[in-house]
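In: Okay, sequence plus prediction incoming.
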Amino acid sequence: MTDDPTDPEVACFEAGIKFGSLYHQFAGTPVSPASAPSLARAMEAAIENQPHCREVTVEVRTDELEAALAESAADYTELTGRFLDVEIVVEREGVEVVSRMAMEDGYPLMRVASVRNR
C-alpha cells in the first residue's frame, strides 16, 4: 500500500500533463516566421483551457526557425521543440508549479523550475 500523493506532487503531475499535451498536440504543425506569433498564441490559449492551468507563455525561437528555413527550399517547416521556449504555471490546492521547456544540449528539455505554496 502506498501513500496518496501530496498536493505538490499532484501539481507537478498536472504541469507534466500540460507539457505533454502542448508538445504532442502541436509538433509537426507547419510554421513560418509570419505564422509563428499566431501559432504561439493559439498554443497558449489551448493549454490555458486545461484544468489548474493559470498561465502559459510560448515564444517561438525565430532565429532558429529562420536558420532552418535558410537551408530549405520551402518557406515553412514543421514545428519541433527546438523552435520553442515555453513556461507553464499550474496552481492546484494552493500549490504553484512553474515549469519550463528550453533547448539544452540540443534537446528540448522540460523541467520543473519551482514549486511553492501560495
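Out: Okay, I see it. This one's a predicted model, so the numbers in the text were calculated from it and none came from an experiment.
In: Tell me the pLDDT of the closest residue to Glu78 other than its chain neighbours.
Out: Counting by C-beta to C-beta, 6 or more residues apart in numbering, Gly28 is the residue found nearest to Glu78 once chain neighbours are left out, at 5.0 Å. C-beta coordinates here come from the backbone N, C-alpha and C atoms, glycine included. In this model, Gly28 is scored at 96, pLDDT.
In: Just to check, Gly28 is in contact with Gly81?
Out: No: distance between Gly28 and Gly81: 11.4 Å, which falls outside the contact criterion (C-beta atoms under 8 Å).
In: Count residues in the vicinity of Glu104, would you?
Out: As a burial measure, Glu104 scores 10 neighbours (other C-beta atoms under 10 Å).
In: repeat for the one 4 residues further on
Out: Counted with other C-beta under 10 Å, residues neighbouring Pro108 total 18.
In: Once you drop chain neighbours, what's closest to it?
Out: Leaving out its chain neighbours, the residue that sits closest to Pro108 by C-beta to C-beta, 6+ apart is Gly81, at 2.6 Å.
In: With Thr80 instead?
Out: Counting by C-beta to C-beta, 6+ apart, Ala27 is the residue found nearest to Thr80 once chain neighbours are left out, at 6.2 Å.
In: ok, back up a step: for the residue nearest to Glu78, helix, strand, or coil?
Out: Here Gly28 is coil, with the state taken from DSSP: H, G, I helix; E, B strand; the rest coil.
In: Name the residues that touch the helix or strand hosting Val98?
Out: Counting by DSSP states H and E, the secondary-structure element that holds Val98 is strand 95-104. Residues from elsewhere that reach strand 95-104 (C-beta atoms under 8 Å, 6 or more residues apart in numbering): 7-8, 10-12, 14-16, 18-19, 23, 54, 61, 81-82, 84-91, 108-118.
In: How about stretch 29-44?
Out: Among residues not part of stretch 29-44, those counted as contacts by C-beta under 8 Å, 6+ apart are 22, 26, 56-60, 62, 65-66, 69, 75-79, 83, 86.
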